[in-house]
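Asker: What would the 3D arrangement of this be:
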Amino acid sequence: MTYRERITWGTRSAFNMGRVEGTDYRLERSKNDDGSWSYMISNDHRTYLHVDNNKFPSVKDMEHAIEEWIYERTKR
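Answerer: Residues are numbered from 1 along each chain as shown. Next comes the predicted model:
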């Protein structure tokens, strides 16, 4: 199972908020004016654990970057 399969995005007013199952990681995504996507990761200890300055053309590409970031820090 990949982290992408474990990312659960909210619905309605929480559409841009997400969690990664089995971790204390919280996600926030945003759609930029040019249609690209950006994200931020936080956890129970740090509000701004990681803010990625890259812009991603799709949610799938953004989720892949999130997955790689988590993998590099947890090696699981």
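Asker: which parts of the lengthiest helix in the chain are buried?
Answerer: For the chain, the helix reaching the highest residue count under DSSP state H is reported as helix 59-74. Across helix 59-74, burial judged by 16 or more other C-beta atoms under 10 Å covers Met62, Glu63, Ile66, Glu67, Trp69, Ile70. Yep, even glycine has a C-beta here, placed from its N, CA and C like the rest.
Asker: So which of the residues you listed is the closest to Ser38?
Answerer: Of all these, Ser38 sits closest to Met62, with 7.5 Å by C-beta to C-beta.
Asker: Once you drop chain neighbours, what's closest to that closest one?
Answerer: Nearest in space to Met62, with sequence neighbours left out and distances taken as C-beta to C-beta, 6 or more residues apart in numbering, is Phe56 at 3.9 Å.
Asker: per-residue pLDDT, the one you found?
Answerer: Per-residue pLDDT puts Phe56 at 97.
Asker: what about it, distance to Asp24?
Answerer: Distance from Phe56 to Asp24, counting by C-beta to C-beta, to the nearest Å: 23 Å.
Asker: hmm, back to that, any idea which of the buried residues of helix 59-74 is closest to Trp9?
Answerer: When the buried residues of helix 59-74 are ranked by distance to Trp9 (C-beta to C-beta), Glu63 comes first, at 9.3 Å.
Asker: ok, now how distant is the closest one from His45?
Answerer: From Glu63 across to His45, the span is 23 Å (C-beta to C-beta).
Asker: Specify the local secondary structure of the residue lying closest to Ser30 once chain neighbours are set aside.
Answerer: Spatial nearest neighbour of Ser30, excluding adjacent residues (C-beta to C-beta, 6+ apart): Ser38 at 5.2 Å. Under DSSP: H, G, I helix; E, B strand; the rest coil, the three-state class of Ser38 is strand.
Asker: Double-check Ser38 against Asn16; I have them as touching.
Answerer: No - at 10.4 Å, Ser38 does not count as touching Asn16 under the criterion of C-beta atoms under 8 Å.
Asker: Identify the contacts common to those two.
Answerer: Arg29, Ser30 (C-beta atoms under 8 Å, 6 or more residues apart in numbering).
Asker: Alright, I will stop here.
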